[in-house]
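J.: no FASTA, just this:
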C-alpha cells in the first residue's frame, strides 16, 4: 500500500501507516465508542427476542474491539509507532512541527501492548482524526465512499 506524504511546516511528514488504514481504525474506534454500558451481563434469550440489543452493549468479548485490536497488532512496528504518535498529536500534547520528536518518543515507548493501549484510550477516534488533521490529512473522502 502507498504511504501518505504531506508537506507540514518546513519539511515533509511521511506516514508509515497507510491513510486508509488509519481511517478504517478511526471508523472502527467510533463504532466501539458508541457502545452502551452492559445492562444484562448474562442474557439468556435468543438475540432476536431482545431485538439484538446486546450488540449495542460494551461486552468484554465485543467483536468490534477484537477486530480493532487484531488489526493494530498485525500492523508493522513503524505503522504502530505512527498510530501512537498520531494519537498523542491529536490529544494536543504536541504540535505538528514536533512530529519527528513525537514519533521518536513513541519508538521509545513501544511495547507488545500497543493495541491494548490504543483501544483503551478514551476518544481514540477523535485523537487520531485530530492528529491526522494537524498533519494536513483527512478521512473525509474515504468516509464519503464507505458511508
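T.: Structure received. The structure presented is a predicted model; accordingly, all values stated were derived computationally and were not measured.

J.: From residue 90, how far off is residue 113?
T.: Residue 113 sits 20 Å away from residue 90, taking C-beta to C-beta, to the nearest Å as the criterion. All C-beta atoms are positioned from the backbone trio N, CA, C, and that covers glycine.

J.: These two: who's more crowded?
T.: residue 90 (22 against 10; other C-beta atoms under 10 Å).

J.: number of nearby residues for residue 63?
T.: Residue 63 has 10 nearby residues by other C-beta under 10 Å.

J.: Please apply the same query to the one 5 residues further on.
T.: When neighbours are counted by other C-beta under 10 Å, residue 68 registers 22.

J.: Mind pulling up the pLDDT for it?
T.: At residue 68, the pLDDT value in this model is 92.

J.: Correct me if wrong: it contacts residue 27.
T.: No: at 9.9 Å, residue 68 and residue 27 do not qualify as touching, with contact defined as C-beta atoms under 8 Å.

J.: how far does stretch 101-115 sit from the chain's center?
T.: Centre-to-centre, stretch 101-115 and its host chain are 15 Å apart (C-alpha atoms, centre = their mean, to the nearest Å).

J.: Could you do stretch 138-145 as well?
T.: That offset, for stretch 138-145, works out to 15 Å (C-alpha atoms, centre = their mean).

J.: Need the contact partners of it.
T.: With C-beta atoms under 8 Å, 6 or more residues apart in numbering as the test, stretch 138-145 has contacts from 19, 20, 22, 23, 26, 27, 129, 132.
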